[in-house]
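Fold the stuff below for me.
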Amino acid sequence: MADTIKISLQKELGIKKDFEIKTSNRNIMKVTEMQLKMAQAEDTEGKTGIEIMKMSLEAIKANVDFLTDIFKLNKEQVGRLEDMDTTETTILVNRVLMRLMGNTDEEVGKE
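Here you go, the predicted structure:
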C-alpha cells in the first residue's frame with residue numbers, strides 16, 4: 001500500500017486543511033510526466049519566438065493542471081490557483097514534486 005504525505009496549501013491558496021497525497025504509482029507517474037514537461041519547456045535552443053511562447057503557455061497550463069489533479073481542487077480553489085503569480089505557482093509545483101519524490105518539508109525548504 002502506498003504511503004501518504006501531508007501537504008499544506010494554506011500559504012498559497014488559503015486552504016486550512018492539509019491535503020493527504022498518496023505516493024502511489026499513479027501519482028508518481030504524474031510527477032514524472034510533470035518533470036518531463038518542465039525539462040522540455042527549458043529546451044529552447046533553436047526554437048523561434050513563437051515556439052518559445054507556445055512552450056511557455058503549455059508550461060503554465062501544465063502547472064495548473066498538475067496541481068488541480070494531484071490535489072483534486074474544486075472550481076473555487078482552481079480560480080485562486082489561476083490568480084497566483086506564475087513564479088509562485090512554479091515554486092509550489094516544485095515543492096509538491098519534491099515532497100512526492102520523498103523529500104521532507106525541511107529538505108524542500110533548504111532548496
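
and residue 13, how far is that from residue 30?
Taking CB to CB, to the nearest Å as the measure, residue 13 falls 19 Å from residue 30. Any C-beta I mention is one placed from the backbone N, CA and C, and that applies to glycine too.

buried ones in the worst-scoring helix or strand of the chain on mean pLDDT?
Using mean pLDDT, DSSP states H and E, helix 105-110 stands out as the lowest-scoring helix or strand of the chain, at a mean of 75. Neighbour counts using 16 or more other CB atoms under 10 Å place residue 108 of helix 105-110 among the buried residues.

How about stretch 63-81?
Using 16+ other CB under 10 Å as the test for burial, stretch 63-81 gives 63, 64, 66, 67, 68, 70, 71, 73, 77, 78, 81.

Same check on stretch 23-33?
23, 27, 30, 31.

Report pLDDT for the first one.
It stands for residue 23. Residue 23 is assigned a predicted lDDT (pLDDT) of 93.

ok, now the second one?
At residue 27 the predicted local distance difference test score is 95.

Angles on the backbone of it, please.
phi -70, psi -30 (degrees, to the nearest 10).

any idea how far residue 23 lies from residue 63?
From residue 23 to residue 63 the distance is 20 Å (CB to CB).

Check residue 4 too.
From residue 4 to residue 63 the distance is 23 Å (CB to CB).

can you pull the contacts of residue 59?
Shown in contact with residue 59 (CB atoms under 8 Å, 6 or more residues apart in numbering): 37, 38, 41.

where's the closest residue in space to the last one that isn't next to it in sequence relative to residue 20, distance?
By that I understand residue 41. Nearest non-adjacent residue to residue 41, counting by CB to CB, 6 or more residues apart in numbering: residue 59, 4.1 Å away. According to CB to CB, residue 59 stands 27 Å off from residue 20.

Having no further points to raise, I will conclude here.
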